[in-house]
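1. build me a model from this:
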Amino acid sequence: MKCWRFNLRRDLVRYVTDELTPGRVRRVEDHLLDCGECRDAAARLRSGQRLAAQLPQVTPQRDGWAAIEAAIDREDTRREPATRSAGWRARILTPRVVVAALIAVIFSSVIFITLHRRAVSEEEPGAPPSLAAADWREFQPVSIGDIESNTKPHVVAEGYVSEVRIDDKDGDLMFKLVDNLNAQDRFIVCEIIEPIRLQPPTVGSRVRVYGVSRYDAERNHNWYEVHPVLNIEVLH
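-> Here you go, the predicted model:
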């Protein structure tokens, strides 16, 4: 199954090149333990890095234009002047014709971008194109009380929304999912991240949440998460 951990997949290149902070390194390595697709991607990146390191270093010339110009001049002397061809090009490649061609290209690009944005805006709100074809039936149902024994990376959980807030560290939107609004000792923290555009649920609503299961072992956290959230269905 495709890995939906966009935030961690974006870190793979910097992980391979040792550019991440120790905290981000731990999060990536924890994810690699459970995700075969990302392990394969990291292995390919390391192979490419090793291959690039073995390539010989070439120092470019400071200015190769003189040699190029001399080669062009030598080539021109071997050919007879093509006066008729040159005259045809001079008549066609006038500044007015070039400007008109550029305007046509720009106009076509504007039309294409406008049509593309209109097609995206007409899609179902909250479901980006990359998730439109997802089969939610493949997600493993898990209860809030039993999530600690879950071993599946992609899960679906139901519960009541007891809290909605913005994460002070990442700026992502988070909400807490509980079985009972009057007893919140067991919960799942659900996090909505970019580029997945989802509307946050309201406090007190019962929802069904699809996403990636993980355990957050950071200091003062130590809770189970659905991170990132891929889809939210409001039940009542």
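2. what number of residues lie near residue 9?
-> 17 (other CB atoms under 10 Å). Glycine gets a C-beta too; all of them are placed from N, C-alpha and C.
3. just residue 204 next, same as before
-> Around residue 204 there are 9 residues (other CB under 10 Å).
4. helix/strand/coil for it?
-> What DSSP: H, G, I helix; E, B strand; the rest coil gives for residue 204 is coil.
5. test my guess that it contacts residue 160.
-> Yes - Residue 204 lies in contact with residue 160 (CB atoms under 8 Å); the separation is 6.7 Å.
6. which residues do the two both contact?
-> residue 181 (CB atoms under 8 Å, 6 or more residues apart in numbering).
7. by mean pLDDT, flag the weakest helix or strand of this protein.
-> Least confident helix or strand, the chain: helix 83-92 with a mean of 56, by mean pLDDT, DSSP states H and E.
8. tell me the contacts of residue 226?
-> 155, 157, 177, 188-191, 209-213.
9. I misspoke; the intended subject was residue 189.
-> Neighbours of residue 189 in contact, by CB under 8 Å, 6+ apart: 174-177, 216, 223-227.
10. and the strand or helix carrying it, how far out from the chain's middle?
-> Per DSSP states H and E: residue 189 is located in strand 183-192. Centroid displacement of strand 183-192 relative to its chain, using CA atoms, centre = their mean, to the nearest Å, is 26 Å.
11. the very next helix or strand once past that strand - contacts with which helices or strands?
-> Going down the chain from strand 183-192, the next helix or strand is strand 206-216, by DSSP H and E. On a contact count with 3 or more CB pairs under 8 Å, 6 or more residues apart in numbering; DSSP states H and E, strand 206-216 meets strand 154-166, strand 183-192, strand 223-234.
12. pLDDT on strand 206-216, on average?
-> In this model, strand 206-216 has a mean pLDDT of 92.
13. which parts of it are buried?
-> Neighbour-count burial for strand 206-216, with 16 or more other CB atoms under 10 Å as criterion, is recorded at 207-214.
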